[in-house]
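Trainee: Need the 3D shape of this:
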Amino acid sequence: MVGLTSFDMKKIELEIVAISHTATQSSNYALVLGETEGVRRLPIVIGGFEAQAIAVAMERMSPPRPLTHDLLCSTLETFGIELQEVIISNLLDGIFYARLVCTQNGETIEIDSRTSDALALAVRVGCPIYSYEFILEAAGVVLETPEIEEEDGRVEVRSGRSKERSLSQYDLGELKVQLEEALKEENYEYAALIRDEISRKGG
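Mentor: Take a look at the predicted model:
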């Protein structure tokens with residue numbers, strides 16, 4: 001980051017606006033972050049497990065067993081460490097880097113983290129997410145593709161499977177049975193889709 005100006009290092013607050021299956025890598029997902037006060041989007045490719053961990057927290061679902069990120073949140077709380085913010089701090093060779101900015105006993109602690117893990121923690125504790133102007137300038141885009149934008153203010157989480165396209169054909173009773181089965185199988189991504197359909201049907 002040599003030679004960056006104060007403008008380049010300006011912090012910009014972001015929010016998660018979408019999680020979408022990538023067209024080129026079936027096992028990966030595009031997590032799309034958007035400026036809270038702007039139109040740029042920052043797409044980040046993450047794995048299926050990481051996408052599931054983020055979707056579970058965004059949908060406020062309670063898995064039968066704590067996920068790894070739930071365990072870490074509990075550990076931080078137990079030791080009196082508060083996650084203040086997450087910063088997507090660098091972009092090198094197409095890889096995003098992040099830091100957890102924490103406080104303990106009045107002291108600020110910064111911890112290096114994978115970006116996907118940092119975001120999974122951020123959505124669990126409700127802390128703000130930031131990046132820098134130079135990263136948005138390098139990797140930010142103005143997306144016009146509706147498949148990965150907001151829809152009626154709701155985050156669109158897509159799996160790209162035929163199950164998603166057929167959910168609207170089920171009634172509320174059938175959807176609730178499917179939701180229970182998906183939770184038992186720990187298929188939280190599909191469970192999130194079912195819960196969205198239940199909400200749309202007024203259940």
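
Trainee: Okay, now stretch 85-98: how far is its last residue from its first?
Mentor: One end of stretch 85-98 to the other measures 11 Å (CA to CA, to the nearest Å).

Trainee: got the buried residues for stretch 44-51?
Mentor: 44, 45, 46, 50, 51 (16 or more other CB atoms under 10 Å). In this view, the C-beta of every residue, glycine as well, is placed from N, C-alpha and C.

Trainee: Strands of the protein, start to end?
Mentor: 11-21, 28-35, 41-47, 82-92, 95-104, 107-114, 129-132, 156-157 (DSSP state E).

Trainee: Of all the ones you listed, which one is nearest residue 192?
Mentor: Of all these, strand 156-157 sits nearest to residue 192, with 5.4 Å by CB to CB.

Trainee: which residues touch residue 35?
Mentor: Neighbouring residues of residue 35 by CB atoms under 8 Å, 6 or more residues apart in numbering: 12, 13, 14, 41, 136, 140.

Trainee: if I look at the first one, how far off is residue 94?
Mentor: It refers to residue 12. From residue 12 over to residue 94 the distance is 20 Å, taken as CB to CB, to the nearest Å.

Trainee: now do the last one
Mentor: Spatial separation of residue 140 from residue 94 under the definition CB to CB is 14 Å.

Trainee: Between these two, point out the one with more neighbours.
Mentor: Neighbour count, other CB atoms under 10 Å: between residue 140 and residue 94, residue 140 has more, with 21 against 7.

Trainee: is it true that that one touches residue 34?
Mentor: No - applying CB atoms under 8 Å as the test, residue 140 and residue 34 come out as separate, 9.3 Å apart.

Trainee: Residue 34 versus the residue nearest the centre of the chain, what's the distance?
Mentor: The residue lying closest to the centre of the chain (CA atoms, centre = their mean) is residue 54, at 4.4 Å. Using CB to CB, residue 54 is found at 15 Å from residue 34.
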